[in-house]
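[1] Mind looking at a prediction? Sequence and model below.
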Protein chains: 2
Amino acid sequence: MNRQELVQLIRDRQSYLCIGLDTDIHKIPKHLLSLPDPIFAFNKAIIDATKDLCVAYKINTAFYECQGIRGWESLQRTVEYIPKEIFTIADAKRGDIGNTSAYYAKTFFETYGFDSVTVAPYMGRDSVEPFLGFSEKWAIVLGLTSNAGSQDFQQQKVGGEFLYEKVMRTTASWGTPDNMMFVVGATQASAVADIRKVIPNHFFLVPGVGAQGGSLKEITEKGMNQDVGLLVNASRAVIYAGNDERFAEDARVVAEGYQQEMAGYLLK
Amino acid sequence: MNRQELVQLIRDRQSYLCIGLDTDIHKIPKHLLSLPDPIFAFNKAIIDATKDLCVAYKINTAFYECQGIRGWESLQRTVEYIPKEIFTIADAKRGDIGNTSAYYAKTFFETYGFDSVTVAPYMGRDSVEPFLGFSEKWAIVLGLTSNAGSQDFQQQKVGGEFLYEKVMRTTASWGTPDNMMFVVGATQASAVADIRKVIPNHFFLVPGVGAQGGSLKEITEKGMNQDVGLLVNASRAVIYAGNDERFAEDARVVAEGYQQEMAGYLLK
């Protein structure tokens, strides 16, 4: 999916909601466990219930990888089930030397057909560039993450700027706002206005709303740009809103709450 | 595997060689392609031919992931085939917020049974710690990598030290030399003596010998400690030494060359 299509989708749906399918076999409703692929059954119900309210689904690969090969089968079924007009994110946080990163890019863009993949920047330019050579595909590079550990290295000063600023500023020069986004945590809202000055045009993928406590209102005020420029993710708050046979309807209620709030911000 | 067992293995075999099974379906001998699982067939032959010469096998997951589900099947068959007395490394470079990193740790330590997994440190403490809570399992944290991109961020100054020094010094305080190692590239030999002063006791996993051009002699002189403290990896130089029906014997010749050179250094 290209940038123009993504922006149009956001305008049409009055939503910049991304739903994170962090599906944990131990947290899904018990009545699904007798099905042949409980994780896919859960995801299918969540997608059916929310696909008109969001513009993206994010699959965190860790939750699937830990199930071994059947987990990858659930992942593949899920990404194939997501309607083609919705943006897909493999939240895989990959990154390696150039020849190896090229295999990761092939994995997520070609083998599984995702629109985008999250990329860890620590290994530098040749670890990121292989993700940038695919038409209408995106690298979503970790900038300032939502977790406490972001203080350990990302928020250390390198010269006159924070490491996360240097990472985002430098990495941005390797790609364009048409093939690169950044992860900026919603729990870091106080920093987002400054980040937006340095990175005016790129989309930010914003995790940390919901279970992690970030504010949708604040991140929107500080991070929105002329093309909206935000994909705000909620995972646990949406998909585990309920835990019985009505779980998908419960997820829809929460997703609709986010979408309605977003629609209000988009009108301004 | 615990540290004492690893050190004893190195002493017994007079080797600190790690062989990287970066197995690419497009690079293996053509006569294997008609077999049901060519990647596993290749790995099995390489393991059979080299298992007395090395102390570790490193599986870079990217090469398997890009093959989709059948790639994970090849990976699982391979790790199960490696003799139990040999140290196994999942070179996966994972790292995420704490609750997600815990799933990655479970993936590689429990689902697939590796002894160790490589971990990307950019997200800080809560992204690394979940890998440290497993008995006789190891997190191998990226320190100073072998690629050109290591200049972009790792070799930038944070306060009075390089970022890679800060990362290694800080990360070392979260674990012990019994559950943590560091990746230090062989192409960075000039820095290794200084790194060894800061990190005297940990094992270093050293990629970059062979196809990437690092010197085994230099990395050994600068990086060895009282427990050897090195696992030096060669991937392409060993596994693609030949490309016909004698490929496994050709791989053995190269592996034996490294082992003999290592035996010489261990005698000193």
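    Happy to help now that I have it.
[2] Can you name the residue of the stretch 151-268 of chain A that approaches chain B most closely?
    Residue of the stretch 151-268 of chain A nearest chain B, by CB to the nearest CB: A:Asp152 (3.4 Å). All C-beta spots, glycine's among them, are computed from the backbone N, C-alpha and C.
[3] residue contacts, A:Leu216?
    A:Ala186, A:Val209, A:Val232, A:Tyr258, A:Glu261, A:Met262 (CB atoms under 8 Å, 6 or more residues apart in numbering or on different chains).
[4] if we take these, which one ends up nearest to A:Pro36?
    Among the contacts of A:Leu216, A:Tyr258 lies closest to A:Pro36 (CB to CB), at 31.5 Å.
[5] Not counting sequence-adjacent ones, nearest residue to that closest one?
    A:Leu17 (5.0 Å; CB to CB, 6 or more residues apart in numbering or on different chains).
[6] Quick check: phi and psi at the one you found.
    phi -80, psi 130 (degrees, to the nearest 10).
[7] burial measure for the residue of the stretch 151-268 of chain A closest to chain B, as a count.
    23 (other CB atoms under 10 Å in any protein chain shown).
[8] ok, now which ones touch it?
    Contacts of A:Asp152 by CB under 8 Å, 6+ apart are B:Gly124, B:Arg125, B:Thr170.
[9] Looks like A:Ser74 contacts A:Asn43 (just checking).
    Yes. Counting by CB atoms under 8 Å, A:Asn43 is a contact partner of A:Ser74 at 7.4 Å.
[10] Return the member of the contacts of A:Leu216 nearest to A:Leu9.
    A:Met262 (12.7 Å).
[11] Could you report the pLDDT at the closest one?
    A:Met262 carries a pLDDT value of 98.
[12] quick one: it is in a helix?
    Yes. The assignment for A:Met262 is a helix, going by DSSP: H, G, I helix; E, B strand; the rest coil.
[13] so how many other residues sit close to the nearest residue to it once chain neighbours are set aside?
    With sequence-adjacent residues excluded and distances taken as CB to CB, 6+ apart, A:Met262 is closest to A:Ser15, at 5.2 Å. Neighbours of A:Ser15 under the rule other CB under 10 Å: 26.
[14] tell me the phi and psi of A:Ser15?
    Dihedral angles (degrees, to the nearest 10) for A:Ser15: phi -160, psi 140.
[15] picking up where we left off before, pretty sure the residue nearest to A:Tyr258 sits against A:Ser235.
    No. A:Leu17 is beyond contact range of A:Ser235, at 11.4 Å (criterion: CB under 8 Å).
[16] what do A:Ser74 and A:Asn43 both touch?
    Joint contacts of A:Ser74 and A:Asn43 (CB under 8 Å, 6+ apart) are A:Thr23.
[17] who does the residue nearest to A:Tyr258 bridge with?
    A:Val232 (DSSP bridges).
[18] That one and A:Asp178, how far apart?
    22 Å (CB to CB, to the nearest Å).
[19] Then A:Phe108?
    Applying CB to CB to A:Phe108 and A:Asp178 gives a distance of 18 Å.
[20] What does the closest residue to A:Ser235 other than its chain neighbours show for phi and psi?
    Nearest residue to A:Ser235 in three dimensions, chain neighbours excluded: A:Gly20, at 2.9 Å (CB to CB, 6+ apart). Main-chain dihedrals, A:Gly20, degrees, to the nearest 10: phi -90, psi 120.
[21] A:Gly20 and A:Asp91 touch, don't they?
    Yes. Here A:Gly20 reaches A:Asp91: they are 7.2 Å apart, a contact under CB under 8 Å.
[22] Of those two, which one has the most company?
    Taking neighbours as other CB under 10 Å, A:Gly20 and A:Asp91 compare with A:Asp91 leading, 26 against 23.
[23] More neighbours: A:Phe108 and A:Asp178, which one.
    A:Phe108 (29 against 15).
[24] Now do the same contact list for the more buried one.
    A:Ala90, A:Ala92, A:Arg94, A:Phe114, A:Val117.
[25] so who does A:Asn179 touch?
    A:Leu132, A:Phe134, A:Lys137, A:Trp138, A:Ala139.
[26] one step back: got any residues that touch both of A:Gly20 and A:Asp91?
    Common neighbours of A:Gly20 and A:Asp91 (CB under 8 Å, 6+ apart) are A:Lys58, A:Ile59, A:Asn60.
[27] per-residue confidence at the second one?
    On the pLDDT scale, A:Ile59 is placed at 98.
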